[in-house]
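In: Below: sequence and its predicted model.
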Amino acid sequence: MTNVPIDRVDVLGDKPESEPPNNWRHYFSFSTDHKVIGIQYLVTSFIFFLIGGVFSMVIRAELITPEADFLDRTLYNSMFTMHGTIMIFLWIFPSLVGLSNYLVPLMIGAQDMAFPRLNAVAFWLVPIFGILLMATFFLPDGTAQSGWWVYPPVSTQNPSGRLINGQAVWILAVAISGISSIMGAVNFVTTIVKMRAPGMTFFRMPIFVWTVLSAQLIQLTALPALTAGAVMLLFDLTVGTAFFNPDKGGNPILFQHFFWFYSHPAVYVMVLPIFGVFSEIFPAFSRKPLFGYNVVAVSSMVIAGVSILVWVHHMYTSGTPGWMRLVFMLSTMCVAVPTGIKIFAWTATIWRGKLRLDTPMLFALGGMVMFLFAGITGIMLASVPIDIHVNNTYFVVGHFHYVVNSTITMGMFAAIYFWFPKMTGRMYYEGLGKLHFWLAFLGNNLTFLPMHPAGLQGMVRRISSYDPEYAFWNVLSSLGAFLLGMSTLPFILNIVGSWIQGEPAPANPWRAIGLEWLVSSPPPVENFEQPPVVVSAPYGYGKSEPLIAGANSSDSP
Amino acid sequence: MDSSLTSQPIEPPAHATAAHTHDVQGTSLFGFIVFLLSESMIFFSFFAGYIALKTTTPDWSPPGMEQLEVFSPAINTIVLVSSSLVIYFAEEALKRHKLTLFRVFWFLTSAMGAYFLVGQAIEWRSLPFGFTDGVFGGSFYLLTGFHGLHVLTGILLQFLMLARSFIPGNYDTGHVGVTEVSLFWHFVDVIWIILFCLIYLWQ
């Protein structure tokens, strides 16, 4: 019979590859192997990270002096808008999706994602909208200039009257990003729920998988709100509907609700997988089981649930009534409970462990410490009186960057160093890795810490000239930004050099416990010849239980 | 202490013998339901926006317009909602391998969907306001148009599934695609009921 049910083909996808991807050309093809797609995501997003980083250094170059003397103000608006957009939609989101793509099937003992072709399509949308977004620099009226929040009425201005303007293309690009994210989210949730190996119960999944699940559930719930808002904004901008236009009876505040209903939880979409990375790295480098595994696993789901009930804390000054401020202040502060649980669990994990301070561990420790700081300023900002005082100042910018750069990007580097041997079959150079860490750690704090006092004194964000009284903090911040920029050089050197001629990596260089460490480095195309049969809980460090049936335990404490 | 040498008998779970294959159709259906739940959030966002705009906009109704006509949209609604029953009959027929009966009911569903779309087009043409006329105009066309796009998608998917039914033996081993399109159709109907209440009944 040749009548293969078509639906079956849809689900299994093409599996033309039979040999591991050892040819670089492979990474430019429409591959359906989740490991190839994962690396495609990571490399693509890192290129955009460099572009976004150059933009941030341009911004800091402008701000090193109080006068607006370096850039045209219009270009300055473009710079901060595109910096934010690129870093969020083209670095953090795709890099995390790439990491999750690579790791989730391996960690749960699956051969691939549930929908491999959908996975490939979702990836290829990323370079498409990335190029679309960058192309707006060549439009006659330039890029979008309304910041990454694109609040109307600023974002509905179209002085040139052209249908294809920077703002319209921006909305379109973000909409494509949204489609890609929803495809990815459907795929991840289905994979995690339906594709787990025998014996891999929910409460035997590594925390990274839990955090990916909770993050992708947020995407599915909250991202559609941004899509709805973006559709209405696009119509307002292009055909002149009245949704957010107060002149015609519309309500610009409504857009803020749409935007933050997604974009606040989006921060948890970004940070949750990094919590997962920390939860993988701390036990491996402390040789101790993760403290309070069940609670940490559940706390991710709690964060996901609470995160969609806090968005109005971005809008305390948007004419929000008092009772609403109070409700959202309390709900926002509730987020501190599950995140606090995580910090506590990590601290208890490394407490009295035999710590090995290799590069992944350094980045994870640095990221955790800076996340604690971000969490404390986060609680300050949740409180209405403080927020009204520092609203729209550099205090908020500093807080936000301690989350997205000092925690998420540091965590991302931790993950890249940790799984680099697995992904490439090569070891990286430890010395360069440590140099990268110290430059990045100093650079982060030097850049973002001075933003807090500047903000408390009243320096407003998104300005290109400022009162000279803030100059001291800005000079520090700018120097830090250049240091931070330089810190990526040893990373690039390390990754490129090691990939080409690093020492071959063993299957499990960290003596870590997890299904991904039981297969060769890099893993074979089908991941596991036989589905592994999981017989014990994760993080069995210091215990004698084997992780899977029919194999010797890989752990020796 | 080298613990890797301490071996202990391990009982593999009973379902470990279920070898390499996983439930492909079940996975596909699960993924589709997840997608639909997410898709419903777009509609709920639009609904929330509609309610917010309706309750805060000073002059809601567009000029030259007192009330929307309810009668013919109500007929339309009845046709669309009853098509959910018809598509259920089609699915049941397929489960009992009555392929011709399946095709008849399935095609009838598409026809009822098409009737709905034509009815909506006629209504749109008769309205005195356009997409850019006030907040109501924008909201009305946005919501009904976005829903109409889903009805059209549903009809196209139904044609695809109908065409597939002519591949010999195609639906013998399973028809998850048909189940999914049918689910999508129910989804589109439920959304319309909410839309009808919001736009036509709550004036």
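Out: Cool, the structure landed.
In: C-alpha from now on. contacts and neighbour counts both.
Out: Fine.
In: so residue A:518 touches residue A:509, yeah?
Out: No - with contact defined as Cα atoms under 8 Å, residue A:518 does not reach residue A:509; the gap is 11.0 Å.
In: Of these two, which one has the most company?
Out: residue A:518 (21 against 14; other Cα atoms under 10 Å in any protein chain shown).
In: how near is the more buried one to residue A:107?
Out: 10 Å (Cα to Cα, to the nearest Å).
In: now swap in residue B:117 and tell me
Out: Distance from residue B:117 to residue A:107, by Cα to Cα: 47 Å.
In: same check, this time on residue A:220
Out: Applying Cα to Cα to residue A:220 and residue A:107 gives a distance of 22 Å.
In: which one of the two has more residues nearby?
Out: Neighbour totals were compared for residue A:220 and residue A:107, and residue A:220 leads with 26 against 21 (other Cα under 10 Å).
In: Could you list which residues are in contact with that one?
Out: Going by Cα atoms under 8 Å, 6 or more residues apart in numbering or on different chains, residue A:220 touches A:182, A:185, A:186, B:35, B:37, B:38.
In: Narrow these to those in helices?
Out: Counting by DSSP state H, the contacts of residue A:220 place A:182, A:185, A:186, B:35, B:37, B:38 in helices.
In: Isn't the second one up against residue A:216?
Out: Yes - Residue A:185 lies in contact with residue A:216 (Cα under 8 Å); the separation is 5.0 Å.
In: Just the buried ones out of the contacts of residue A:220, please.
Out: Among these, those buried by neighbour count (16 or more other Cα atoms under 10 Å in any protein chain shown) are A:182, A:185, A:186, B:35, B:38.
In: Let me have the residues you listed in TSV, adding pLDDT and distance to residue A:297 as columns.
Out: Below are these laid out as TSV (pLDDT from 0 to 100; distance: Cα to Cα, whole Å):
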residue	pLDDT	distance to residue A:297
A:182	97	23
A:185	97	19
A:186	98	20
B:35	97	24
B:38	96	23
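In: Within range of chain B, give me the residues from the stretch 151-300 of chain A.
Out: A:182, A:186-187, A:189-190, A:194-195, A:198-199, A:220-222, A:224-225, A:227-228, A:239-243, A:248-251, A:254, A:258 (Cα under 8 Å from any Cα of the partner chain).
In: can you tell me which residues contact residue 26?
Out: Assuming you mean chain A. Contacts of residue A:26 (Cα under 8 Å, 6+ apart): residue A:36.
In: Please refer instead to chain B.
Out: residue B:176.
In: which SS state does it fall under?
Out: helix (DSSP: H, G, I helix; E, B strand; the rest coil).
In: Could I get the phi/psi values of residue A:393?
Out: phi -110, psi 180 (degrees, to the nearest 10).
In: Does it touch residue A:463 like I think?
Out: No - using Cα under 8 Å as the test, residue A:393 is too far from residue A:463 to be in contact (10.1 Å).
In: count of residues packed around residue B:131?
Out: Neighbours around residue B:131, by other Cα under 10 Å: 18.
In: Repeat that for residue A:167.
Out: 26.
In: Going along the chain, name the helices of chain B.
Out: B:24-56, B:71-95, B:99-126, B:134-164, B:176-196.
In: quick one: buried residues of the shortest one?
Out: Residues of helix B:176-196 classed as buried under the neighbour-count rule (16+ other Cα under 10 Å) are B:176-178, B:180-189, B:191-192, B:195-196.
In: and these near chain A, which?
Out: Near chain A, by the rule Cα under 8 Å from any Cα, you find B:176, B:177 out of those.
In: any idea of the pLDDT on residue 112?
Out: Answering for chain A, as no chain was given. pLDDT for residue A:112: 95.
In: actually chain B
Out: For residue B:112, the model assigns a pLDDT of 97.
In: Verify the contact between it and residue B:85 for me.
Out: No - using Cα under 8 Å, residue B:112 makes no contact with residue B:85, being 11.2 Å away.
In: out of those two, which sits in the more crowded spot?
Out: Ranked by neighbour count (other Cα under 10 Å), residue B:112 and residue B:85 place residue B:112 first, with 21 against 14.
In: what residues are up against the closest residue in space to residue A:224 that isn't next to it in sequence?
Out: Excluding its sequence neighbours, the residue lying closest to residue A:224 (Cα to Cα, 6 or more residues apart in numbering or on different chains) is residue B:42, at 4.6 Å. Contact analysis of residue B:42 by Cα under 8 Å, 6+ apart lists A:224, A:225, A:227, A:228.
In: Going by neighbour count, which of those comes out on top?
Out: Counting by other Cα under 10 Å, top hit in the contacts of residue B:42: residue A:225 with 28 neighbours.
In: same question for stretch A:532-551, mean pLDDT?
Out: On average, stretch A:532-551 scores 89.
In: wait, does that stretch make contact with chain B?
Out: Yes - under the criterion of Cα under 8 Å from any Cα, chain B is reached by stretch A:532-551 at A:533, A:535, A:543, A:544, A:546, A:549, A:550.
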